[in-house]
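> Here is the input, now give the coordinates:
(chains A and B)
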Amino acid sequence: MRKVCLDMVYELAKQDPRVFFIGSDLGAGTLDSFKREMPERFFMEGVSEATVIGIAAGLALEGKIPYVNTIATFLTRRCFEQIAVDLCLHNANVRLIGNGGGLVYAPLGPTHLAIDDLAILRALPNMTIVAPADANEMRRCMRATLTHQGPLYIRLAKGGDPIVTSDTEPFTIGRAVLMREGADALLVTTGVTLQVALAAAALLREQGVEAAVLHLPTVKPLDAGTLIRHAAEVPAIVTVEEHTLMGGLGSAVVEALAEAGLAPAKRLKRIGIPDVFPDQYGSQASLMRRYGITAEHAAATVTGLLSGALREGAPSMTLEP
Amino acid sequence: MTSEPAPQPGGLDARSLALRRTIIRMMAAGKRGHLGSACSLVEILRVLYDEVLRYDPANPRWPLRDRCILSKGHGCLALYAILADKGFFPTEELWKFCRADGILGGHPEHGKVPGVEASTGSLGHGLAIGIGFALHARHERAGHRVVVIMSDGEANEGSVWEAALCAAKHRLSHLTVLIDYNKQQSYGPTAEVCDLEPFADKWRAFGFSVEEADGHSLDALRSVLGRVPLDPRRPSAIICHTTKGKGIPVAEGNPEWHHKSKLTEEDAQGLLAALETA
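Below you'll find the model as predicted:
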């Protein structure tokens, strides 16, 4: 997914002279072809993320479309004010490409985990947030980034993620995608937890439960209309995200459902990272297991809600010490 | 390190006094404002907009204009006075400073105020945006210049030095940083709050070509700005030695006048009277 994303930046730059690329201190060889063929639009500016955002804002105010790439959390945590003021306040056409969304950098520890990037950016007016699920969707998404107005954050996953979306459907920023129909429950997700949700739906089918899967590759603006329409048709809703439960996709979904008056009528749980800094290393997969971001746990949460075994107000799982 | 130039003898001329009167009247209208920070800036902006920068008030987005960013956005009273004087917007807007129905806020906003190139107010943002403008100018092979006006307190921000490294790496000789070095920040003297010295040496060490000037001397400012770029392979930094609150004795060097709120009409009349007798 990362490779496709950067390859697409190169392709877009070949098509459109407004496209610039700015990296911080990326891995040797990153976008070498871009640098070789379009050196006047390629910049690598060092471990200076705040400056990179400011430069991108200046270029965008001059009519360029800069794509900025570095580790996700160094964008969202370190540069929060530059993103808010330089990009969002100016509604600048800058695209932020965040490497290692969620728990990808598990072995590197909590300084490198982007578990709050969606929450941080959701708070900013004019910001659009996308989290494609696989390389196919990334390719389609990147085509849409060229004409988008305003700042845009693109959350990257680890790469090599199982392909679950087609490579033909058009990608519309701001539109939810119903990946699977089902009348018994609705799983709502974004990014690579789409794969988790689809696997959970397959497990549920084995138990005779038909769960719909609604994929929200755009986290902001939320496609609340589609969400509410599908949520209204089922008794139980479970959100699944590779992100803290404070302010991410689950929060956005619950806000929309509550304001639509649906919340009291539904059984609902959110799956994600609790309000902690992850306390283990290991791998993305092992941390996802630790926090119950798995098909098995999502499926069990759905059946628990449907059977009444999981009560409102109780967490969907308890952390092992 | 060069020594600080001695201030020129003699007071402010009629235009400098008139711009300060406008600043005080705007403050009276808005009942607030950064008086000291604006008054130290008047001659810098005056020389830039009267004699140095190319622009068209009737077409603020004219592609060939020079780009000037007031990175010390809290000095905006002085910028608003100049921009109105040049015809970027009607003078009546000045008297709606900080009002809900006005375009002129306590910090300048791009998109709201014609002639304002970037929204500033949080310090330490303008230089990086200016680098973006300068890289664009180079890419387009356009001849316009980029000027970023910063405060001394602003140079406490790490982001300023991060951006300085970048500007020097790209040898942005068409980028000029002007620093309003009035030696007072909000709490008190810069030497006590966060000492910047040796200030000129720091900019030199970061790859800039540096000169120092009396920031209230029209001749000194004309002379140094007329020699920009100071080096064809480096960005320029001009350290302008100024007096905070220049022209108003009660405010000069007085941190109490860094920012004032609840300003009464009587206070304003007192400031106007003080300006005339200084």
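
> which residue ranges form the helices in chain B?
Applying DSSP state H to chain B gives helices spanning B:14-30, B:35-39, B:42-47, B:76-86, B:126-139, B:158-169, B:190-193, B:199-205, B:218-226, B:265-277.

> Out of those helices, which gets nearest to residue A:268?
The minimum distance between residue A:268 and the helices of chain B falls on helix B:158-169, with 42.3 Å, by C-beta to C-beta. Where you see a C-beta, it was placed from the backbone N, CA and C, and this is true even at glycine.

> what packs against the closest one?
Helix B:158-169 sits against helix A:49-61, helix B:126-139, strand B:175-181, with contacts defined as 3 or more C-beta pairs under 8 Å, 6 or more residues apart in numbering or on different chains; DSSP states H and E.

> Pull out the buried residues from it.
Across helix B:158-169, burial judged by 16 or more other C-beta atoms under 10 Å in any protein chain shown covers B:159-164, B:166-168.

> And the contacts of that helix?
Outside of helix B:158-169, the residues within contact range by C-beta atoms under 8 Å, 6 or more residues apart in numbering or on different chains are A:45-46, A:48, A:50-51, A:54-55, A:82, B:124-125, B:127-128, B:130-131, B:134, B:150, B:154-155, B:175, B:177, B:203, B:206-208, B:234-235.

> Leaving out sequence neighbours, find the closest residue to whichever residue of the stretch 101-250 of chain B sits closest to chain A.
Nearest residue of the stretch 101-250 of chain B to chain A (C-beta to the nearest C-beta) works out as residue B:132 at 1.8 Å. With sequence-adjacent residues excluded and distances taken as C-beta to C-beta, 6 or more residues apart in numbering or on different chains, residue B:132 is closest to residue A:58, at 1.8 Å.

> Show me what from chain B comes close to chain A.
B:109-111, B:117-119, B:121-122, B:124-125, B:127-136, B:139, B:158-159, B:162-163, B:165-166, B:169 (C-beta under 8 Å from any C-beta of the partner chain).

> Of those, grab the buried ones for ChimeraX.
Of these, the buried ones go into a single ChimeraX selection, burial set by 16+ other C-beta under 10 Å:
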select /B:109,110,117,118,119,121,122,124,125,127,128,129,130,131,132,133,134,135,136,159,162,163,166
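
> for residue A:278, helix, strand, or coil?
coil (DSSP: H, G, I helix; E, B strand; the rest coil).

> Now for it, how many residues are close by?
18 (other C-beta atoms under 10 Å in any protein chain shown).

> Tell me the pLDDT of it.
Looking at residue A:278, its pLDDT reads 96.

> thinking it is in contact with residue A:114, fair?
No: using C-beta atoms under 8 Å, residue A:278 is not in contact with residue A:114, being 11.6 Å away.

> Dump stretch B:85-98 to PDB, restricted to CA.
The C-alpha trace of stretch B:85-98 is given here as PDB (Å, rounded to 0.1, in the frame of the first residue of the first chain):
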ATOM      1  CA  ASP B  85      -2.900  53.800   3.300                       C
ATOM      2  CA  LYS B  86      -1.900  52.000   0.100                       C
ATOM      3  CA  GLY B  87      -5.500  51.300  -0.800                       C
ATOM      4  CA  PHE B  88      -5.700  47.500  -0.300                       C
ATOM      5  CA  PHE B  89      -9.000  48.100   1.500                       C
ATOM      6  CA  PRO B  90     -11.100  51.100   2.500                       C
ATOM      7  CA  THR B  91      -9.900  53.100   5.500                       C
ATOM      8  CA  GLU B  92     -13.200  52.700   7.200                       C
ATOM      9  CA  GLU B  93     -12.200  49.000   7.900                       C
ATOM     10  CA  LEU B  94      -9.500  50.300  10.300                       C
ATOM     11  CA  TRP B  95     -12.200  51.600  12.700                       C
ATOM     12  CA  LYS B  96     -13.700  48.100  12.900                       C
ATOM     13  CA  PHE B  97     -10.500  46.600  14.400                       C
ATOM     14  CA  CYS B  98     -11.400  43.400  16.300                       C
END
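
> Give me the distance between it and the centre of its chain.
Distance of stretch B:85-98 from its chain centroid, counting by C-alpha atoms, centre = their mean, to the nearest Å, is 18 Å.

> cool, and stretch B:114-122?
Put simply, stretch B:114-122 sits 12 Å off its chain's centre (C-alpha atoms, centre = their mean).

> Kindly check the end-to-end length of that stretch for me.
20 Å (C-alpha to C-alpha, to the nearest Å).

> Check stretch B:180-194 too.
Rule used - C-alpha to C-alpha; the end-to-end distance of stretch B:180-194 is 16 Å.

> in it, what's buried?
B:180-185, B:190, B:193.

> Quick check: mean pLDDT of that stretch?
96.

> helices or strands up against the host helix or strand of residue A:201?
Taking DSSP states H and E as the definition, residue A:201 sits inside helix A:193-206. Contacts defined by 3+ C-beta pairs under 8 Å, 6+ apart place helix A:193-206 against strand A:177-183, strand A:185-189, strand A:211-215, strand A:236-244, helix A:295-307.

> Partner strands of the helix or strand of chain B with the lowest mean pLDDT, with direction?
Among the helices and strands of chain B, strand B:260-261 carries the lowest confidence by mean pLDDT, DSSP states H and E, at a mean of 90. When pairs are called by DSSP bridges, strand B:260-261 turns out to pair with strand B:32-33 (antiparallel).

> Return the distance of the partner strand from the chain's centre.
Counting by C-alpha atoms, centre = their mean, strand B:32-33 comes out at 17 Å from the chain centroid.

> swap in stretch A:92-101?
With C-alpha atoms, centre = their mean, you get 11 Å for stretch A:92-101.

> That one and chain B in contact?
No: Stretch A:92-101 stays clear of chain B (C-beta under 8 Å from any C-beta), getting no nearer than 9.5 Å.

> looking at it, residue B:149 is touching residue B:178, isn't it?
Yes: between residue B:149 and residue B:178 there is a contact under C-beta under 8 Å: 4.8 Å.

> Give me the common contacts of those two.
Joint contacts of residue B:149 and residue B:178 (C-beta under 8 Å, 6+ apart) are residue B:44.

> ok so, going back, mind checking which of the helices and strands packed on helix A:193-206 is nearest residue B:278?
Here strand A:236-244 is closest among those (C-beta to C-beta), at 57.7 Å.

> Show me the strands paired with that closest one, marking each as parallel or antiparallel.
strand A:185-189 (parallel), strand A:267-273 (parallel).

> I'd like these laid out as TSV, including mean pLDDT and mean neighbour count.
TSV is the format used below for the strands paired with strand A:236-244 (pLDDT from 0 to 100; neighbours: other C-beta atoms under 10 Å in any protein chain shown):
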stretch	mean pLDDT	mean neighbour count
strand A:185-189	98	30
strand A:267-273	96	23
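
> Using a markdown table, lay out those strands together with distance to residue B:91.
Below are the strands paired with strand A:236-244 laid out as a markdown table (distance: least, C-beta to C-beta, whole Å):
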| stretch | distance to residue B:91 |
| --- | --- |
| strand A:185-189 | 55 |
| strand A:267-273 | 55 |
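
> returning to what we had before: return the helix holding residue A:201 as PDB; C-alpha atoms alone will do.
As requested, the backbone C-alpha atoms of helix A:193-206 are provided in PDB (Å, rounded to 0.1, in the frame of the first residue of the first chain):
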ATOM      1  CA  THR A 193      -9.500  -3.400   9.900                       C
ATOM      2  CA  LEU A 194     -11.800  -3.800   6.900                       C
ATOM      3  CA  GLN A 195     -10.000  -7.200   6.600                       C
ATOM      4  CA  VAL A 196     -10.800  -7.900  10.300                       C
ATOM      5  CA  ALA A 197     -14.400  -7.000   9.800                       C
ATOM      6  CA  LEU A 198     -14.800  -9.100   6.700                       C
ATOM      7  CA  ALA A 199     -13.300 -12.100   8.400                       C
ATOM      8  CA  ALA A 200     -15.600 -11.500  11.400                       C
ATOM      9  CA  ALA A 201     -18.600 -11.500   9.100                       C
ATOM     10  CA  ALA A 202     -17.400 -14.800   7.600                       C
ATOM     11  CA  LEU A 203     -17.100 -16.300  11.100                       C
ATOM     12  CA  LEU A 204     -20.600 -15.000  12.000                       C
ATOM     13  CA  ARG A 205     -22.100 -16.600   8.900                       C
ATOM     14  CA  GLU A 206     -20.800 -20.000  10.100                       C
END
